[in-house]
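[1] sequence unavailable; structure follows:
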């Protein structure tokens, strides 16, 4: 790189006797592989891109060469809109039939991933077992299952809209653009997503069609308000399907009637509109993230029903 090595970095050139150097194409610190009577020691740099590169190109090929044709393979099923406890109840009737595999629950703000793992099987047998288990779980997960592996819900939504020729628009209050950001983060979203509006102030909500009467009688966080917002953004953009979100993310602003975490959603298309109400737990950012995920799920359901 044409740079002088500092004294602090010289330790990266030290190699224990008998160790194999794993060349690092992504940084300066090499990996090390040490074999001994107790087993194998693999030492990798902590920078994520360097660790992943070395694992993929140096470590896994060496492990596979010793695997005698057997593999450890996983398949992740992505769910949303259902708590981990309820998910467990739904999976319980079929869990015993997955005995050849292990099942792990991986909760996050976006939902709960289910990771199926086949251990020490022949590749074809592992793939067959994972596919069969995924089919069984899919039958009980219903609409809460939206993807596999690292699929993003926004990408699944966009694909569903493309197939059906549906365009999207959104009106956001408490999420402040997070819904639009999730959608536009997916490459190629411009052929589906027309745009959106962040209508934080009541005056801007009124410009999209929320009447003064609605604001005075029901408030900005209400079924009436989000229905008007969904209709207004759909009208102004010409989108086939729209969503509106308005809520109380905190840490202030809650009341006994509308506690912190209260969020109203509306989804509108040519057939009509529907509204939903949730109370999400967590911090301000967690409420907003959960609301964004719920809105994406609602749009996906509405898009699928349009093609049914």
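    Yep, it's here. Small disclaimer: the values here were computed from a predicted structure and weren't measured.

[2] residue ranges of the helices in this structure, please?
    48-54, 60-65, 84-95, 123-141, 153-164, 178-184, 202-207, 212-217, 223-237, 284-306 (DSSP state H).

[3] lowest average pLDDT across those helices?
    Here the helices of the chain differ in mean pLDDT, and the lowest is helix 60-65 at a mean of 87.

[4] show me which residues of that helix are buried.
    Across helix 60-65, burial judged by 16 or more other CB atoms under 10 Å covers no residue at all. Any C-beta I mention is one placed from the backbone N, CA and C, and that applies to glycine too.

[5] likewise stretch 273-293?
    273, 274, 275, 280, 287, 288, 289, 290, 291, 292, 293.

[6] doesn't residue 266 make contact with the second one?
    Yes - using CB atoms under 8 Å, residue 274 and residue 266 qualify as a contacting pair, with a distance of 7.0 Å.

[7] next, count neighbours for the closest residue to residue 139 other than its chain neighbours.
    The shortest distance from residue 139 to any non-neighbouring residue, by CB to CB, 6 or more residues apart in numbering, is to residue 94 (7.8 Å). Number of residues near residue 94 (other CB atoms under 10 Å) recorded here: 14.

[8] contact partners for residue 94?
    Contacts for residue 94 (CB atoms under 8 Å, 6 or more residues apart in numbering) come out as 136, 137, 139, 140.

[9] could you rerun that using 7 Å?
    Neighbouring residues of residue 94 by CB atoms under 7 Å, 6 or more residues apart in numbering: 136, 137, 140.

[10] equivalent analysis for residue 263, please.
    If you count contacts by CB under 7 Å, 6+ apart, then residue 263 has 174, 245, 247, 278, 280, 291 around it.

[11] give me that answer again for 6 Å
    Counting by CB atoms under 6 Å, 6 or more residues apart in numbering, residue 263 makes contact with 247, 278, 291.

[12] common neighbours of residue 274 and residue 266, please.
    Common neighbours of residue 274 and residue 266 (CB under 6 Å, 6+ apart) do not exist.

[13] related to what we said a few turns ago, between the contacts of residue 263, which is nearest residue 185?
    Nearest to residue 185 among the contacts of residue 263, counting by CB to CB, is residue 291 at 16.8 Å.
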